[in-house]
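Colleague: Have a look; sequence and predicted model below, questions after that.
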Amino acid sequence: MLNQLSIENFRNITAMSLSLDEGLTAFTGDNGAGKTSVLDAVHLLGTGKPFSTHRINHVIQRESSFVQVVGRLSAPAKAILGVRRDRGGGGEARISGTPVKTLSELAKAMPLVVMNAETLNVIRDGPEGRRKFIDSFVFHVEQDFAQMSRRYQNALKQRNALLRDRCSSDDAVWVRDLAVTGELLSAARSRAVVSLAKALEGVLSDVDISLPSWKLLQRPGWGGGLSLYDALSASSDSDKQRGFTQVGPHRGDVVFMVEGSPAHEVLSRGQMRVLMAATKLAQARVMRRDTGVSPLLLVDDVAAELDANNAAGLFRNMVSDGFQVLATMVDATGASAWTENRLSNVFHVEHGTIIDGN
Ligand SMILES: Nc1ncnc2c1ncn2[C@@H]1O[C@H](COP(=O)(O)OP(=O)(O)OP(=O)(O)O)[C@@H](O)[C@H]1O
């Protein structure tokens, strides 16, 4: 659990220090007050990167040369996490004073699940967001996934560089590496999809969301019942002509099917967001079950994306499941009722400052 948080120079937050509790903590305030920035700063602390942008300079406060976030954890182990990023590109991340070797150490120390407009719209948006979603989930539940994924991405980069430079005669070693690591990645995604679908059934019934008959499917990124090695060989001439690798898990997808069709053809936008919010809660449940560590839920303005009943059901379940939840909302009138008065704190934010907490 995250007990204490200090943020320096993050967007419009010059300096903020907070004590946090278990259960639901709400950040309220007007548009542009700095609510999302608090959650995004926690994301920087847990992953080394903000969720709002790929460019760290965009979140470093104007006129400042660095951003820094420090958090004190009481569980799964007592630890102090600290991340500092500099405008010039430098920075460091530490866990209890020791510099981390890879940012994934932060994610293991403080696993996060993010629900925001971007993550709730992945069913409607392109496959890249869905791959990112499933991979960030697999990363937590499968030990070797990060290493395997890095090896696959490296082989892909090397082979694509050869294909681009028309030197593909030398690509055999990379094709073998792609085939081996790609099959393993795909199998890991497949296992994740099965456990996610099972947990999602539970969430839908707990929250009382009814959907027409649905399935969650993994598309591996190559077809025809071939091994990846055979698919890469079959696509080799075409890859050489086009200058890039056209088959493999980097072209895979995770698709919700509803009544036999892709969900985005059948469901309303709101229904897709509800389904995805439920899927994120399912993800949190599986992460806790499989790793023994409760993820921290960052829930950004989700009440605005869902109808009152579904929002109430989801928040009630997040809290009764025992997750620590940090959520932004314009005001907290609904939140207290949703959580049956177990709202642990409300911080009112104005101009990047907490002006009221209770
Ligand atoms: N690099 C920066 N330096 C200073 N201020 C910034 C920087 N980047 C963004 N801001 C400002 O930070 C403020 C905080 O935005 P944030 O998204 O946290 O607001 P919010 O309270 O979540 O609002 P909303 O309800 O509209 O989502 C915005 O007013 C934005 O203009």
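Modeller: Happy to help now that I have it. Residues are numbered from 1 along each chain as shown.
Colleague: With adjacent residues omitted, what lies nearest to residue 60?
Modeller: Nearest residue to residue 60, sequence neighbours excluded (Cβ to Cβ, 6 or more residues apart in numbering): residue 67, at 4.6 Å. Every C-beta, even on glycine, is put in place using the N, C-alpha and C of the backbone.
Colleague: my read: that neighbour touches residue 53, true?
Modeller: No: contact criterion Cβ atoms under 8 Å: residue 67 and residue 53 do not qualify, at 12.0 Å.
Colleague: any shared contact partners between these two?
Modeller: Contact criterion Cβ atoms under 8 Å, 6 or more residues apart in numbering; residues bridging residue 67 and residue 53 by contacting each: residue 59.
Colleague: Quick one: distance of the host helix or strand of residue 138 to the chain centre.
Modeller: Residue 138 is part of helix 127-141, with elements assigned from DSSP states H and E. Mean C-alpha position of helix 127-141 versus that of the full chain (Cα atoms, centre = their mean, to the nearest Å) differs by 7 Å.
Colleague: what does the helix or strand immediately after that helix in the chain rub up against?
Modeller: Later in the chain than helix 127-141, the nearest helix or strand by DSSP H and E is helix 145-164. Residues lying outside helix 145-164 but in contact with it, judged by Cβ under 8 Å, 6+ apart, are 102, 104, 135, 138-139, 168, 170-171, 174-175, 177-178, 181-182, 184-185, 188, 239-240, 242-245, 248-250.
Colleague: Same question for stretch 332-339.
Modeller: Looking at what lies outside stretch 332-339 - Cβ under 8 Å, 6+ apart - the contacts are 23-24, 26, 28, 303, 308, 311-312, 315-316, 319, 327, 329, 343, 346.
Colleague: Can you list the buried residues in stretch 117-130?
Modeller: Under the neighbour-count criterion of 16 or more other Cβ atoms under 10 Å, stretch 117-130 has 119-120, 122-123, 127, 130 buried.
Colleague: Point out the residues in the stretch 1-150 of the chain that sit beside the ligand.
Modeller: 11-12, 29, 31-37, 58, 60-62 (Cβ under 6 Å from any ligand atom).
Colleague: Just these: which are in helices?
Modeller: Within those, residues falling in helices by DSSP state H are 35-37, 58.
Colleague: Using JSON lines, lay out these together with neighbour count.
Modeller: Converted to JSON lines, these look like this (neighbours: other Cβ atoms under 10 Å):
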{"residue": "35", "neighbour count": "25"}
{"residue": "36", "neighbour count": "21"}
{"residue": "37", "neighbour count": "24"}
{"residue": "58", "neighbour count": "10"}
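Colleague: Which stretches in the stretch 101-250 of the chain count as helices?
Modeller: Using DSSP state H, counting those that start in this stretch, the helices found in the stretch 101-250 of the chain span residues 104-109, 117-120, 127-141, 145-164, 172-207, 228-234, 236-242.
Colleague: Mean pLDDT and distance to residue 281 added to the ones you listed, as JSON lines?
Modeller: Compiled in JSON lines, those are given as follows (pLDDT from 0 to 100; distance: least, Cβ to Cβ, whole Å):
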{"stretch": "helix 104-109", "mean pLDDT": "92", "distance to residue 281": "19"}
{"stretch": "helix 117-120", "mean pLDDT": "89", "distance to residue 281": "12"}
{"stretch": "helix 127-141", "mean pLDDT": "93", "distance to residue 281": "12"}
{"stretch": "helix 145-164", "mean pLDDT": "95", "distance to residue 281": "21"}
{"stretch": "helix 172-207", "mean pLDDT": "96", "distance to residue 281": "5"}
{"stretch": "helix 228-234", "mean pLDDT": "96", "distance to residue 281": "33"}
{"stretch": "helix 236-242", "mean pLDDT": "93", "distance to residue 281": "40"}
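Colleague: now for the ones you listed, which one comes closest to residue 297?
Modeller: For those, proximity to residue 297 was assessed by Cβ to Cβ; helix 117-120 is nearest, at 11.3 Å.
Colleague: so what does that closest one touch, helix or strand wise?
Modeller: helix 127-141, helix 269-291 (3 or more Cβ pairs under 8 Å, 6 or more residues apart in numbering; DSSP states H and E).
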